[in-house]
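Visitor: fold the following and give me the result.
(chains A, B and C)
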Amino acid sequence: MFAYVIRRLFVGVIMLLVMSLVTFLLFFAGPLDPARFACGKNCSEAQQAQTSKALGFDKSPVVQWSDFVKGVVTGRQFPDDPALRKAAPKLVTDCPTGCLGYSVVSTSTVNKEFKEAIPVSVSIAIFAFIMWIIGGVLFGVIAALFKGRLLDRGIVGIALVFFAFPTFFIGQLFLQFVAIKWRVFEVPDYMSIAEGGIGAWAYNLLLPAFTLALFYMAGYVRMTRAFVLESMGEDYLRTARAKGVRQSRVLFKHALRAALTPLVTMAGLDFASLLGGAIITETVFNFNGLGKLAVVAVNTYDLPTLVGLVILLATFVILANIVVDILYAVIDPRVRVG
Amino acid sequence: MSSSTPTLAQGVGTGAGASGTPFLSVRDLKVHFPTPDGVVKATDGLSFGLERGRTLGIVGESGSGKSVSSSTILGLHRGSRAMVSGEILLDGTDLLSLSDEEMRLRRGREVSMIFQDPLSAMHPYYTVGNQIAEAYRVHNDVNRKQARARAIEMLDRVGIPQPDRRVDDYPHQYSGGMRQRAMIAMGLINDPGLLIADEPTTALDVTVQAQILDLLQDLQKEFNSAIVIITHDLGVVAEMADEVLVMYAGRCVEYGPTKQILTNPEMPYTWGLLSSVPDVTGDTDARLVPIPGNPPSLLNPPTGCAFHPRCTYRDKVPGSLCTTDLPELTPAKSGGFHVRRCHLPDPAAVYAEEVVPEMQADMTGEPIEETEK
Amino acid sequence: MASIAKRALAAAAVASMAATLAACGGGGSGDNSSAGDAAKSGSKGGTLYYYINKPVEHVDPQRVYVGRDISNLNRTVYRGLVSFPADTDPDVANKPVADLATDTGTKNADATQWKFTIKDGVKWQDGKQITCADFKYGASRAFATDVITGGPNYILSYLDVPEGSDGLPSYTGPYKSSAAGKAAFDKAITCSGNTITYNFKKPWPDFPLAVAALHMMDPYRQDKDQGDRSNYQIFSNGPYKLQGAWSKNKGATMVRNDQYDPSTDSTEIRKALPDEIVFDIGKSQETIADQLIADGGNDKFAVTGERVPSAYFARLTGAVADRAVNVQSPFVDYVLPNFKKMTNPKVREALAMAANTKGWIDAGGGSRAYAEAKSIVNPSVTGYQANPAFTAPASGDPAAAKKLLQEAGVTTPYPITFTYPKTDTADKQAAALQATWDKAGFKVSLDPQGDTYYDVIQKPSNGADVIWGGWGADWPSAITVTPPLFDSRPNLTKNSTGQDYGNYKSDTFNKIVDQAQSAADLGDQTKALQAADEQLGKDFAYIPLESQKFNFLRGSKVSGYNNTPASAMYPDLGPISLEK
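Guide: Sure thing, here's the model as predicted:
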């Protein structure tokens, strides 16, 4: 198992290297010069060239990428200009090992940006995850138990509606009516636990997390229902009943156990990608998480932040994959190694 | 639709004369499933009886209703859409009249069942020991440790080596034969009076099959259980069963002591089954040769004798009796408790004159072709 | 994912580019519905909320270059030598008044030297006096173009510092510069007590306008300078200061600066009535409009620099309409004939004659969204006059245009392509233009461009015949409009058309520009610029389409609300106050 994890981690690092390189190449394959964007109005060619140099965009993408990798391993200084460091050390930003770059747009290190955005995204993700897992599994099981009856049809139908509506729409609806028009809730605005305590933190997360959870919940209701129905047809459930096991126990110990296994995989991966930010929800509710950060970074041509995000997201997904695999081995004895 | 006379069926069976009602007595059992296309009559008027310590073999093709009938004895139909009528008397209690909870308490304790494919019949996420112990704990007020000890004891009894270690293995870590042994341990852990074995050897290697059957017979002697063994393999029947019940399209078509059924069958369907076994007392490996034609639809069974579309001796029956009238279960010529459902005026003669010579010819001729399973 | 990201990235770049290019207006016309509120004298106190959608790019005085942000910072934290008064009348608002300086400056005879004296008692938020050295240091930062990027850089071409071989000044800012460069800079800006003297290499009669309209000449404290890292830092000398830091994504809260002395200031510029101002960044335009329409809670005390989306126009009725303004922006949209392709002046005239600008406006939302334009210069700019060349009726005169084409002696239909940045609205608008042009004898093919619009039209090889553009003045002088857009000398290079997308190249026009740029007197300069615009009209170098209008909402408890040319027609924070 240990060797397996090490091997997976090694492959993950290689993947991250390749992905970051591809991101660099793609960014510079575009037809626009990012330097012009930073240079501003009335920018002469000479100034644009100078800006390009100041941002390091004059180097080839591969060189910039290797600088990036070096930064991750050994740390970097921004700007990387010994003359400036000598003349005005105050101007130079130190970015220690693990450095994901320096965002010219935010005038801060990418790491610092992430430090501010990650708690927001993680909070939403955790909140939404709890809501959708509880709701999704609960309603999925109920639907499966009442298969074909009105209750089942109702649940599946409503789930389909929420699944079909874009998160953007539902989020806007909540924001416009529940918060702005009816004022059932204050317009949510992220507040960290340090700022406002657990209560304020949770209160502000409720609407965005619920918006996000609805979409996932809809999917999980349908999946849980399908998995439970599938496992209810399994031979080993008949065995359990033939033993005289109580029906409730048959359902919760035998059927759910089997049905939840594939859900664990999906939930793990969904959660991981959510950690990387819920772009639409965060944008609608103006929560400055990783998703919003990505939108702003794209809008402002912020290459270092984009690269950092790609790496961060990929890391989440790679780690989640490994965790899910390990978890799977714990849940399903058949896949245990050795 | 009328069924065979219950009195006749009731009379069949070894213990009938002595105590009046045998340990297990099934009377006019009907299991119907309503579907959007109509009613599927999976079992339509089945009656038989069985004493403790004896074994009944139920034989038939897939879809003949044999598994449905046995599941119904266990009450596994409950909670489904199945419509069940008739009587299932176990030790004098009508199982069909019990509440769900009363039936549940009997399941696994008085009636147990072991299934065809032990791999899919065992939960992949729980250890074998856990699953066996669960069967014990459901019906006995014991703690985890005691249940585990009992599971180990049973594993040992069914011949699992190092049972104290293997008890913590998962089903996938067992071989096919060991899994079936474990299933048997699970079935017998509460010392039930009736054990239903649904194709217990079909999924197993040939060499393992015999061991499992031997084990079942040994345990039967030890626990004095009644066993219903469901199979399509006449070899298994020959080895195990004291009585045989041949099912076709949800009905009993021939029923009697094993020896009589195997030597003097009086129903063309039984002949078809027998034709596939070159030597009923020898090789248990022989499989059924498909009888020409397809098993009948239970939704729309043929009129008259359900077997008539596939019966090659139909022209020996006067008129169109086969297609219009359902033959009654009538005593066979060989006497005893042997009954069959056939319009042929003298099936015994047809068997002796036409079927037996053909079978002998086959034996000397080409080897029997392997069939689909 | 990667390909989507790239597309989004490119699209966003165009959008932001357009915003940068367009959002820098320094003036506007207040002849619409907003006037009147200023008369009420408001009371002190309360918290004002200012909603902004996208992150503010810079709050560093030497880098900020967006009209809205320039105005907001001027009214709150960054005072200049001179500032524009908060008045809806452009004639008043376009004349700078003294702020940190004792007067509006004195120039020498040829306007190559300007002197300002700094008031006594004007302080930084830490209580230190604002000195001449602070002003000099602020100006020096603009030269560090490798660190202080994105800001206005007019000072670079005016200040008397020699240029190096690369066309950039030999002085490269305060962080690292050659000794020669530093010496040159020290000679160009000199301090004598509280008096600062700027020496320019060419006349700059409108220098006070530039000082008032931008923050590039603002003072900066050397000990607070962290270069690029100062981008979101504000060290105030105005009535407010930051509480905590400016967060790029969330904004900031401003509270009163106790070191600010109102007696050194003019209430024409800023009254500083609210106790706190919260800049709230990140809500979408739709959310902002929803909140302000609902007018609940803090939204009663809110204003915004985000326009009401056109889908919300129908909801601006009743009481909501009283809280909405519809004012003309400082921007003008136009189309340019490509002089490389349309060489015949009669053909260009025909194009102008048949341009259905009314159809264009109607297709884009009508009079709520646009005002008619008669020149590429916005009416709010000092010296504006309708360009006499554009005599055609608003819906175009295809018949007259047809005649012109015949006179031109070209075969009709005359095929042309029209390129513009693609949006659904723009497609409809372009179709309106196309219809009358076709009627006149052109054969128009539309060429909507996506993400890379500016790259396409800046290519010297661009083959389009008619090109869309938009512009706003940096300060209320046409010197920041026609020369940057049509002077071929700085614009047309081997690789780019610069901002002269139509490849316009006229020695006559350039000569007039030289006159304007060498004029020592503002009046002379204005006259020359009027002549320059007339010359452009004669050549049909552009066809004005319209001037966009701003639709803004505000909360019901906001008073003293005005959109002034001084605030680029965004809400002017100078006179604003809150009702209890």
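
Visitor: lowest-confidence helix or strand of the chain?
Guide: No chain specified, so I'll use chain A. Within chain A, confidence by mean pLDDT, DSSP states H and E is lowest for helix A:34-39 among all helices and strands, at a mean of 75.

Visitor: let's do chain C instead
Guide: For chain C, counting by mean pLDDT, DSSP H and E, that's helix C:2-22 with a mean of 38.

Visitor: which strand or helix spans residue C:532?
Guide: Element membership for residue C:532, per DSSP states H and E: helix C:522-538.

Visitor: can you list contacts of that helix?
Guide: With C-beta atoms under 8 Å, 6 or more residues apart in numbering or on different chains as the test, helix C:522-538 has contacts from C:205-206, C:375-377, C:382-383, C:385, C:387-390, C:477-479, C:482-483, C:486, C:504, C:506, C:508-509, C:512-513, C:515-517, C:519, C:542. Glycine gets a C-beta too; all of them are placed from N, C-alpha and C.

Visitor: that one: which residues count as buried?
Guide: In terms of neighbour count (16 or more other C-beta atoms under 10 Å in any protein chain shown), helix C:522-538 has its buried residues at C:522, C:524-538.

Visitor: helix or strand right after it?
Guide: The C-terminal neighbour of helix C:522-538 among helices and strands, as given by DSSP H and E, is strand C:543-553.

Visitor: what's the angle between that following strand and helix C:522-538?
Guide: 120 degrees (axes from the mean of the first three to the mean of the last three C-alpha atoms, to 10 degrees).

Visitor: is chain A contacted by strand C:543-553?
Guide: No - against chain A, strand C:543-553 shows no contacts by C-beta under 8 Å from any C-beta of the partner chain, the least distance being 13.1 Å.

Visitor: partners of that strand, with directions?
Guide: Sheet pairing for strand C:543-553, assigned by DSSP bridges, gives strand C:324-328 (antiparallel), strand C:331-337 (antiparallel), strand C:370-372 (antiparallel).

Visitor: buried deepest among those, which one?
Guide: strand C:331-337 (a mean of 25; mean count of other C-beta atoms under 10 Å in any protein chain shown).

Visitor: element containing the closest residue to residue C:103 other than its chain neighbours?
Guide: Leaving aside its chain neighbours, residue C:103 sits nearest to residue C:117 (7.3 Å; criterion: C-beta to C-beta, 6 or more residues apart in numbering or on different chains). Element membership for residue C:117 (DSSP H and E) is strand C:113-117.

Visitor: centre of the chain to that strand, how far?
Guide: 25 Å (C-alpha atoms, centre = their mean, to the nearest Å).

Visitor: which SSE is immediately downstream of that strand?
Guide: helix C:132-141.

Visitor: hang on, the earlier thing: other SSEs contacting the strand holding residue C:117?
Guide: Packing contacts for strand C:113-117, counted by 3 or more C-beta pairs under 8 Å, 6 or more residues apart in numbering or on different chains; DSSP states H and E, involve strand C:106-107, strand C:195-199.

Visitor: tell me the mean pLDDT for the longest one?
Guide: Strand C:195-199 carries an average pLDDT of 97.

Visitor: buried ones in that strand, by neighbour count?
Guide: Applying 16+ other C-beta under 10 Å to strand C:195-199 flags C:196-199 as buried.

Visitor: want to throw the residues you listed into a markdown table with distance to chain B?
Guide: Formatted as a markdown table, the buried residues of strand C:195-199 follow (distance: C-beta to the nearest C-beta, whole Å):
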| residue | distance to chain B |
| --- | --- |
| C:196 | 82 |
| C:197 | 86 |
| C:198 | 82 |
| C:199 | 86 |
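
Visitor: so which of the residues you listed is the closest to chain A?
Guide: Checking these against chain A by C-beta to the nearest C-beta gives residue C:198 as the nearest, at 19.6 Å.

Visitor: I figured that closest one hits residue C:191, correct?
Guide: No - contact criterion C-beta atoms under 8 Å: residue C:198 and residue C:191 do not qualify, at 10.9 Å.
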